[in-house]
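**Student:** Make a model of this:
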Amino acid sequence: MNTALLLAFIPTFFFVSITPGMCMTLALTLGMSIGYKRALWMMLGELIGVAIVAISAVIGIAAVMLNYPWLFTGFKIVGASYLFYLGIQMWLSRGKLAINLDTMADVPSSNEWQLVVQGFVTAIANPKGWAFMISLLPPFIDNSHDLLPQLTLLIGIILISEFVCMTLYATGGKGLKRVLGHSENVRLMNRIAGSLMMGVGIWLFLS
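**Tutor:** Sure thing, here's the model as predicted:
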């Protein structure tokens, strides 16, 4: 791959990743509610989704999504509804994601798959993610070189950037939880996290 293109791509996509968006807001929310270690499961699903979106943007599956927008719309509505439901549960201090000082232990292992799916759906159903991939990736592909090595390298950089940025957001949420979680503001904390979660759902639905 062209070295100049690579050096330009790294800061470009890191800036895109660090910009607040659905996935970063979700990382912040889960960092607040269940802690960084448990949020890693969501990040796993998100990274898988981002990789699929990136590959699809390059090989042309994105064109299928554009030709059959009802598929994308349906998937987006389901994902948005699920996130909004989780936000309501957190607002009411219910469900496995709500903060509870009496049961501050990790979320049960049965919830790990739920977190993976949550991250995956948010990444796949995020139209801005598709737009960024479709607009950003092609200009950094050098047609004079094989596609597979370039795509592998670019996706590796994308996933590292996404993980680093989600880590920053999730650990920030965990720090905020530590500040408020040992006071009488647990209900307020749940409502902040729930509002953010519902906001991501509404954002996804309206985007």
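**Student:** Follow the chain on from the helix-or-strand element of the chain with minimal mean pLDDT and name the next helix or strand.
**Tutor:** Scoring the helices and strands of the chain by mean pLDDT, DSSP states H and E places helix 61-67 at the bottom, with a mean of 61. Of the helices and strands lying after helix 61-67 in sequence (DSSP states H and E), the nearest is helix 69-91.
**Student:** Could you name the helices and strands sitting against that next one?
**Tutor:** helix 112-124, helix 186-206 (3 or more CB pairs under 8 Å, 6 or more residues apart in numbering; DSSP states H and E). In this view, the C-beta of every residue, glycine as well, is placed from N, C-alpha and C.
**Student:** Out of the ones you listed, which is closest to I34?
**Tutor:** Closest approach to I34 among these is made by helix 112-124 (8.1 Å; CB to CB).
**Student:** what's the angle between the following helix or strand past that closest one and helix 112-124?
**Tutor:** Proceeding N to C from helix 112-124, the next assigned helix or strand is helix 127-136, under DSSP H and E. Calculated by axes from the mean of the first three to the mean of the last three CA atoms, to 10 degrees, helix 127-136 forms an angle of 50 degrees with helix 112-124.
**Student:** And for this protein, the residue most distant from the center?
**Tutor:** S144 (33.2 Å; CA atoms, centre = their mean).
**Student:** what kind of secondary structure is that residue in?
**Tutor:** Three-state assignment for S144 (DSSP: H, G, I helix; E, B strand; the rest coil): coil.
**Student:** start at 880 instead
**Tutor:** Okay, using 880 as the starting number, the last item reads as S1023.
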